[in-house]
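Chemist: Here's my sequence, what's the structure:
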Amino acid sequence: MKKNLMAKTISVFAAAVLTMGALAGCGKVADEVHAAEITDTVIIDEDVAKADTIPTESFFTKGVYVNYAEGAVTRDYFYVFYNEIAGYTEDGNNGMGVPFCCEQEAGKVVFTFGGEGEEPQVFTVESVEYGVMKGHFDDGITLYFEPVFDADHENFDAVAFVDQHGRVDYQQYDDPNGWSVTYNAAYINVMQQDDEVFFVYSGDGAGTNVIEAYYEPVFGAKDVVDATAKSWGGENTIQTESTFPGTDNVTGYWAILPSGDEGSGLYETIIARDYKNGCLVFETTGHNTDDDELDMQVSDNLAMIIDSITFC
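Modeler: Sure thing, here's the model as predicted:
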């Protein structure tokens, strides 16, 4: 999966040799390759590696893609594309990587990693959904290529990017009551107490940010949500009904108490559905700050838990 053959940090001379070798192997690149003086990145002119014919419908375009296997709990390996036919790989843990060129054809992408004379490797595209490509190389392992829209392909540093954005460590929690969720262990701590489970946000933020999940054996979902909304006593409380996450036709009941303009930034939500002889409940307690980036990071990590609910 990881075409990790050499350190990306190389001398000027080595950078020029490796890059020309990798790109010349494609047989479709310009004659000149310019290597800049660098310490931790290989730079190629925008006009270099222009193909005689560019695919009319390319799976990969100029930019950065994170590559991971199906079920992977980490996402820290990247493909950086200068354009549709050339780029390099880079590991977010150690900066290792290798240059590549590729030819994009109907339903597949033919990669050549490392330079002329290397055996081409074919990535067969199975599907593309919301820009995320699913497919496999010849070993048959299911892989995904996901665009990283906030990454600068011209100055990309995988190690710095991973450190800045936080390492992604997706794990799954399986509850004895027959439901599961996915969470980012880099930011979420899971704690259990009796019949309740708490998903506690551990990153920077204001106050407590936690989801409490539990099975209520006596009352129905609507009754629990109505009673909780009433206990908040807020005039701004919003109650709605919609399809419960992880289901196609099960009604879910929501109550939301938004954060006010003043005070601690506290907000609360509850979502529940009828389940077995009672109901399944997820209650969120959060605190907003004046920092939009921090608040978004908290929100994304908590929302992922709710959005990923699945049932046996």
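
Chemist: State the distance from residue 72 to residue 65.
Modeler: 14 Å (CB to CB, to the nearest Å). Quick note: C-beta positions are derived from backbone N, CA and C, even for glycine.

Chemist: more crowded one of those two?
Modeler: For the pair residue 72 and residue 65, the greater number of neighbours falls to residue 65 (24 against 16), based on other CB atoms under 10 Å.

Chemist: ok, then the element right after whichever strand or helix holds the more buried one?
Modeler: Element membership of residue 65 [criterion: DSSP states H and E] is strand 63-69. Counting by DSSP H and E, the next helix or strand C-terminal to strand 63-69 is strand 77-81.

Chemist: what sits against residue 156?
Modeler: By CB atoms under 8 Å, 6 or more residues apart in numbering, the contact set of residue 156 is 41, 64, 78, 80, 90.

Chemist: How about the second one, nearest residue that isn't a chain neighbour?
Modeler: If I follow you right, that is residue 64. Closest residue to residue 64 apart from its sequence neighbours, by CB to CB, 6 or more residues apart in numbering: residue 151 at 3.9 Å.

Chemist: Now the phi/psi pair for the one you found, please.
Modeler: Backbone torsions for residue 151, taken as degrees, to the nearest 10, come to phi -100, psi 140.

Chemist: shouldn't it be in contact with residue 63?
Modeler: Yes: using CB atoms under 8 Å, residue 151 is in contact with residue 63, at 7.3 Å.

Chemist: rewinding a little: check which helices and strands the strand holding residue 65 is in contact with.
Modeler: strand 77-81, strand 142-147 (3 or more CB pairs under 8 Å, 6 or more residues apart in numbering; DSSP states H and E).

Chemist: what's in contact with that strand?
Modeler: 1-2, 74-81, 89, 141-149, 151-153, 156.

Chemist: ditto for stretch 262-272
Modeler: By CB under 8 Å, 6+ apart, stretch 262-272 touches 206-207, 216, 221-222, 224-225, 228-229, 232, 244-245, 252-260, 279-289, 306.

Chemist: in it, what's buried?
Modeler: Across stretch 262-272, burial judged by 16 or more other CB atoms under 10 Å covers 265-272.

Chemist: I'd like those residues laid out as TSV, including secondary structure, pLDDT and distance to residue 58.
Modeler: Output for the buried residues of stretch 262-272, formatted as TSV (DSSP: H, G, I helix; E, B strand; the rest coil; pLDDT from 0 to 100; distance: CB to CB, whole Å):
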residue	secondary structure	pLDDT	distance to residue 58
265	coil	88	45
266	strand	93	48
267	strand	94	43
268	strand	96	46
269	strand	97	41
270	strand	98	45
271	strand	98	41
272	strand	98	45
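
Chemist: of all those, which comes closest to residue 193?
Modeler: Set against residue 193, the nearest of the buried residues of stretch 262-272 by CB to CB is residue 270 (18.4 Å).

Chemist: give me the number of residues near the residue lying closest to residue 267 once chain neighbours are set aside?
Modeler: Nearest in space to residue 267, with sequence neighbours left out and distances taken as CB to CB, 6+ apart, is residue 259 at 4.1 Å. By the criterion of other CB under 10 Å, residue 259 has 16 neighbours.
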